[in-house]
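In: just a sequence and a predicted model for now, questions to come.
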Amino acid sequence: MGKSANVGRMSPEAHSAPRSLAEALRARDDTSLAALLRSRPDLITPVPTDLTQLATRAGTRASVLRALERLDRFALQTAEALAVAPDPASYGTLLGLMAGDGGDETVAGALPRALATLREQALVWGGDDRLRLVRTARELLAPSPQHPSPTGLGPTVQEATSGMSPGRIQEIVTAAGLPSTHDSVSAVTALTGLFTHRKKMAKLLAGAPEAAREVLTRLVWGPPYGQVTAEPAAHLRWLLDRGLLLPTAPGTVVLPREVALHLREGRAHRAPEPLPPAVAPATTHSPQVVDATAAGQAYTALATVEELLKDWDEGGPAVLRAGGLSVRDLKRTAVALDVSEPVAAFWTELAYAAGLIASDGEADERYAATPAYDEWLELPPAERWARLAQAWLPATRTPGLVGGRDAKDRTLSALGPGLDRSAAPEVRHRVLALLAGLPRGAAPDAESVLARLRWERPLRGAQRDSGEDDLRTRLARWTLSEAELLGVTGRGALSAQGRALLGAPPAGGTAGRSGGAALTGEPAARTAEPATAPRGGPAAGPAEPAGPGDKLPVHHHRVPDRLAPLPAAEQALAAAAAARLLAPLLPEPLDHVLLQADLTAVAPGPLRRPLADMLGVLADVESKGGATVYRFTPASVRRALDAGRTAADLHAFLAEHSRTPVPQPLAYLIDDVARRHGHLRVGAASAYVRCDDDALLNEILADKRAAALRLRRLAPTVLATQSDPAALLEGLRAMGYAPAAESAEGDVLITRAHAHRTPPRTAPEPVPDGPPPPDGTLLTAAIRAIRAGDLAATAPRKPVGEHLASGELPRTSAADTLATMQAAVLTGDSVWIGYVNADGAASQRVIAPVRVEGGFVTAYDHTADEVRTYPLHRITGVAELADD
C-alpha cells in the first residue's frame, strides 16, 4: 500500500478506456496482476486459462463477498458510495459523495488510497472519468427494500417511479413547479434535475411546512422508508404531491436518493472514516519490568503444562464418543491445575496444538502424552517455551469457544471437534502487531485495539446490526488474555521475546523480520528476578511507581507491513531469537530444598528435574506459588519405599539436597515406615498374606475392618482371600499396615508409575481461511500461463467458415487441418488450434508447427511456452492468424 496514493487516480488519457473488466486486467502489468492474485488467492485456484476467465471469476458472488470482507472501513465506504453513484461515475462525483458539498481535506487525501485498493482488488475498473464498480459488488451494496444500504440511502427517482402511472408522474412534476412534458421519461429526468439542483431544491424546501421538514429529517440518514395511512396528513400530502416522498407499496413511502443527498449536503455517509483509529496506550511500564513479568508468566506456563502432562502420565481422561473432554474431566483438570475451567481448556488445547498430548487410539480410548512430550522435556526451558508459543501463534483451534454451542446446539468440548476458526491466526497476529507498534513498555487500551480491528475489517449486514461482539472481536479479547498467560506480554505490553516471535525488530532497532543479530541483543537489567505469576491470571510483576510516561501520547503511526505473518522458514528463526531473549530472564533450576521441622520442605524456586522427580515421589505438594511447599506423610514415604528405595537411600537423598539439617521428626517418620514396610507380604493365590509374626495375622483377622477382605487362615503364617492382590494391598494399607507386594519367587515387587504414551502423533494442522496466498514461484508461473492463454484467446485470426463466438473452438475437417499444418511448417507461421486432451478438456492454443509426421504435429506452443507434440486426431480445427 506504500504507493497506492500515486496509483489511486488514473488519467483517462493514459490509455484507451477499457470496455470491460477483462480489458482493464489486460492493460495491467505483471506486478499489478501479481498484487491482485496475492490479495485474492481464490482467483488462482485453479489457474485461469486467460484474462477473460480471470475477470469472470473475479466477478462471482463468492469471490466478491470475500474481497469486500477484507476491505478496511474507508475502502468499503468508498465502494458503498460508488454503489449509489451513477454508473459510470467520475472521480469528482465520487469525491462529492465522500466529502460532501463543503469538502473535507482528510477525506480528499485518503480517497486515492481507497480507490487504489478497490482497483487493485479488481472491484473497480475504468479511468477517473468513468469509474465502474463490478456488477456483483453493485448488486451487493446498492440499496434495496430487502437489503438496505449502509449509507441509509433509498432508490433513485427513476427507480422509485418505475411502476408509477404517467398521469401521476405529470401531477408530481406540475406540483413541483416544473412544466409538464410529453412523456414519463422526460418528466422523471426533469424531476431528477430539480432534486439535484441545490438552489432550486432549497427554494422548494423553503416553502415546506415545519412538520414536513421534520419528517424529512427523520428519514434523511436512513432507513429511508416510512409508513403512511390511506388518508395521509396534510404535511405528508405536501411531500407526496411534490415527489419528495414516493410510494413503493400500499402504505409505504420512500425518500428518493437525490432528495436525501441534498439534505445531507451531498454526503453518502454520515461519518466517513478515512483514517484508522489510533491504538491508545493505557499505561506504560519500564521495558525491564515488562520483560521480567512476562518471563515469570512464561515459567508458570511451562510448569502448568508439565503438571498437566504429569497428571495424565499414566493415562488421562477418556475420549468422548463425539471426541473431546467431558465437562466433568475438564472440571477435574481445572481443580488439579488450580485454575478456572476456561484457563484449563486453554492449557489443554495449547498442549494439543504443540503435539504433546493426543488420543492413544486404543479400544478404551484415552488422552495421554505423546513421545514428543519426552523430547520436549529434554529441551532447555526457553526452547520449550518457544515451542509452545510457536504452536499457539498459527493455531486455528480456539479454546475460548469451549462450553459454547455449535450450529446444531451441541456443547463444544475441549480437545473436541468444532473449535477451529480459520480467522484466529490472522486476528492473533494482527493484535500482537498492533502492540508491537506501540513504544516498548506501553500497554494498550483494549477498546482502542478492538476499534482498530473493526476499522480494518468492518462488519456488514446482520453482524453490524446485532450489537453483539462478532467472532473477530472475541478472538481479539482472547488473544490479549492468552498472550498474558503464555508470557508473550507482561502487564499488557508486548515483551522483548514477543517482539522477536513476530519477527519485529527491538524498539529503536533496524533488525530484519527473521530475527537477525539485533534480535539477539539482551535488554538491560537481565539480572532482575522474574515475578512468578498465578497460572490462572496475568503475571504480577514487581511494584513500580507511576511515572510521567503513564500518560502516553496517542500513537498514530501504522504498524509496518513487514509484520505480516512470517513464512514457515522464518518462523523457526523468530522462535529461536525469542528463546535467546527469554533464556537469561528465566530463573536457574535449584539443586536444594529447605527441610523444616513440621515435616515439610520448601523449594525456593524451580528444581532440577531429577530432584523434582524424586521429591514428587517422596512427598506431596501442599502449595504452589513463588515457592513450592512439599509435605512428608507416611503414605508418601511408603510410596518411595514401594518404588525400590531403602530408608538409607532416603536419608542420604535428603541430607544431600537439604540446605538445613534433616529434622528429627522426618528421620523418625522414615525409619518408622521403613520398619513396618514389607513386614506383611501380599501375593497372588487369588491373593495371600504371609507374615512371620502369627500374632500380627491374628490381629488382622480379629479386626472388623478386614471383614470385607474375607480372609481365612491357610497356615499359622499365611492368610488367603478371593480378592485380587491390588485390592488386598489397598485394604491393608487403609487399616494402617504397610504391606509389600511380592513375586512368585518371594521377592519384593518394586512399583513405579507406568508412563503411558500414545503412538507417534503429529500436531493438528491449522484450518486455512480459504486458499493460501501463492508464493512468488507460483505467481510467476500463473501469470505466465494466463498471459499465454490470453494471447491464444485474443490473437487475431482469419475467418474460418461461419463466425465463431468468443471462446468457441475452430472446426475444420481432418484433411484441412493436415494441409494447414503442413503449410505452416513450410512458412514458419503460427496458427490457432482447438485441442481436446485425454480427459476431454477443451482449450485454445497458438502454436508454431515444426514437424508433421505419423499422425502427430510437433510445435512450439506459445500458450505453454515450450515445444510439445499433439495428436492430430485431438485437434478440433485450425485457423491461420491474421496478418497483423
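Out: Here it is on my side, so go on. These numbers come from a predicted model, not from an experiment.

In: how near is the residue lying closest to residue 331 once chain neighbours are set aside to residue 71?
Out: Residue nearest to residue 331 in three dimensions, not counting chain neighbours: residue 341, with 6.2 Å by Cβ to Cβ, 6 or more residues apart in numbering. Quick note: C-beta positions are derived from backbone N, CA and C, even for glycine. Distance, residue 341 to residue 71, by Cβ to Cβ, to the nearest Å: 38 Å.

In: same check, this time on residue 625
Out: Following Cβ to Cβ, the distance that separates residue 625 from residue 71 is 49 Å.

In: so between the two, which is more surrounded?
Out: When neighbours are counted by other Cβ atoms under 10 Å, residue 71 comes out ahead of the other of residue 625 and residue 71, with 21 against 12.

In: dihedrals phi and psi, that one?
Out: Main-chain torsions, residue 71, degrees, to the nearest 10: phi -80, psi 150.

In: who does the lengthiest strand in the chain touch, helix- and strand-wise?
Out: Identified as the longest strand of the chain according to DSSP state E is strand 842-853. On a contact count with 3 or more Cβ pairs under 8 Å, 6 or more residues apart in numbering; DSSP states H and E, strand 842-853 meets helix 776-794, helix 814-827, strand 831-836, strand 856-861, strand 866-871.

In: now the angle between strand 866-871 and the second one, please.
Out: Which is helix 814-827. For helix 814-827 against strand 866-871, the angle by axes from the mean of the first three to the mean of the last three Cα atoms, to 10 degrees is 150 degrees.

In: what are the bridge partners for residue 875, then?
Out: For residue 875, the beta-bridge partners are residue 835 (DSSP bridges).

In: tell me the pLDDT of it.
Out: Predicted confidence (pLDDT) for residue 875: 90.

In: wait, it touches residue 818, no?
Out: No - assessed by Cβ atoms under 8 Å, residue 875 is found out of contact with residue 818, at 9.4 Å.

In: so how far is the helix or strand harbouring residue 188 off the chain centroid?
Out: Using DSSP states H and E, residue 188 falls within helix 184-195. Its chain's average C-alpha position is 51 Å from that of helix 184-195, according to Cα atoms, centre = their mean, to the nearest Å.

In: check which helices and strands the next helix or strand after it sits against.
Out: The helix or strand immediately downstream of helix 184-195 is helix 198-206, counting by DSSP H and E. Secondary-structure packing of helix 198-206 (3+ Cβ pairs under 8 Å, 6+ apart): helix 184-195, helix 257-263.

In: most neighbours per residue, which of those?
Out: Greatest average neighbour count among those goes to helix 257-263 (a mean of 24), per mean count of other Cβ atoms under 10 Å.

In: and for it, what are the contacting residues?
Out: With contact meaning Cβ atoms under 8 Å, 6 or more residues apart in numbering, helix 257-263 is reached by 84, 97, 143, 152-157, 192, 195-196, 198, 201, 216-217, 219-220, 224, 244, 267-268.

In: over to stretch 166-184?
Out: The contact list for stretch 166-184 (Cβ under 8 Å, 6+ apart) reads 161, 164, 187, 188, 190, 191, 194, 204, 241, 242, 243.

In: pretty sure the second one sits in a helix.
Out: No - counting by DSSP: H, G, I helix; E, B strand; the rest coil, one finds residue 164 to be coil, located in no helix.

In: OK, contacts around the residue nearest to residue 331?
Out: Applying Cβ under 8 Å, 6+ apart, the residues near residue 341 are 330, 331, 334, 402, 403.

In: so which of these sits lowest on pLDDT?
Out: residue 403 (90).

In: hmm, residue 410 and that residue touching each other?
Out: No - with contacts counted by Cβ under 8 Å, residue 403 stays clear of residue 410, the gap being 11.8 Å.

In: any stretches of the stretch 601-750 of the chain with poor pLDDT?
Out: Along the stretch 601-750 of the chain, segments meeting pLDDT under 70 span 626, 678-686, 744-750.

In: which residue packs closest to residue 380, ignoring adjacent ones?
Out: In space, and not counting its chain neighbours, residue 380 is closest to residue 583: 6.9 Å by Cβ to Cβ, 6+ apart.

In: how far away is that neighbour from residue 392?
Out: The value you get for residue 583 to residue 392, if Cβ to Cβ is used, is 19 Å.

In: with neighbour numbers in mind, choose between the two.
Out: Neighbours per residue (other Cβ under 10 Å) separate residue 583 from residue 392, with residue 392 holding more: 24 against 18.

In: dump the residue contacts of that one.
Out: 350, 353, 428, 482, 486.

In: so who does the nearest residue to residue 852 once chain neighbours are set aside touch?
Out: Nearest non-adjacent residue to residue 852, counting by Cβ to Cβ, 6+ apart: residue 821, 5.0 Å away. By Cβ under 8 Å, 6+ apart, the contact set of residue 821 is 831, 849, 852, 857, 872, 878.

In: and what of residue 59?
Out: 21, 134, 135, 136.

In: swap in residue 789?
Out: With Cβ under 8 Å, 6+ apart, residue 789 has these contacts: 48, 49, 50, 843, 844, 863.

In: repeat that with 10 Å
Out: By Cβ atoms under 10 Å, 6 or more residues apart in numbering, residue 789 lies in contact with 47-54, 843-846, 862-864.

In: list buried residues within these.
Out: Burial by neighbour count, 16 or more other Cβ atoms under 10 Å: within these this picks out 47-54, 843-846, 862-863.

In: residue 169 versus the residue of the chain most remote from its centre, what's the distance?
Out: For the chain, the largest distance from the centre (Cα atoms, centre = their mean) belongs to residue 716, which lies 72.4 Å off. Distance, residue 716 to residue 169, using Cβ to Cβ: 120 Å.

In: can you give the distance of stretch 56-64 from its chain's centre?
Out: On Cα atoms, centre = their mean, the centre of stretch 56-64 falls 23 Å from that of its chain.

In: many thanks, I have nothing further to ask.
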